[in-house]
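>>> Following is a predicted model, sequence given first.
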Amino acid sequence: MEIIAKGEASWDGAALPAYPTTTPEITVARITIPPRGALPVHKHPIINAAYLVSGAVTIVAESGRERQLRAGDAIIELVDAWHTGRNDGDEPAVFVVVYAGSPGIPLSVNK
């Protein structure tokens, strides 16, 4: 086993919130950012972690902090903080993201 991300804080150092006390719901999603594309500004109301399968991405928080990711990198995402991801490269950037939420709680909310 190779652990590629583990922590009690998101990539910007903010402590992760406690898990909801309701029934858990785990979601695994594949997200693709096309070449020269970007995700809308959004935030996650739940804890999630992402693994970049291919490509490269720059994650930009509303605070201005940035994090560069390359294929094979993993990240514990921001919770309840506005951010975006952009692909400055010439190939699609593909993430696999695992969300730890509860039924009825959205995975993300666009600004």
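Structure's in. What do you need? Since the structure is predicted, the reported quantities are computational estimates derived from the model, not experimental observations.

>>> How many residues are close by residue 35?
12 (other C-beta atoms under 10 Å). Every C-beta, even on glycine, is put in place using the N, C-alpha and C of the backbone.

>>> so it sits right up against residue 86, yeah?
No - using C-beta atoms under 8 Å, residue 35 makes no contact with residue 86, being 10.7 Å away.

>>> Overlap of the contact sets of these two?
Contact criterion C-beta atoms under 8 Å, 6 or more residues apart in numbering; no residue bridges residue 35 and residue 86 by contacting each.

>>> tell me the contacts of residue 50?
Applying C-beta under 8 Å, 6+ apart to residue 50 gives the contacts 31, 74, 75, 77, 95, 96, 97, 98.

>>> Which members of the residues you listed are classed as buried?
Buried subset of the contacts of residue 50 (neighbour count, 16 or more other C-beta atoms under 10 Å): 31, 74, 75, 77, 95, 97.
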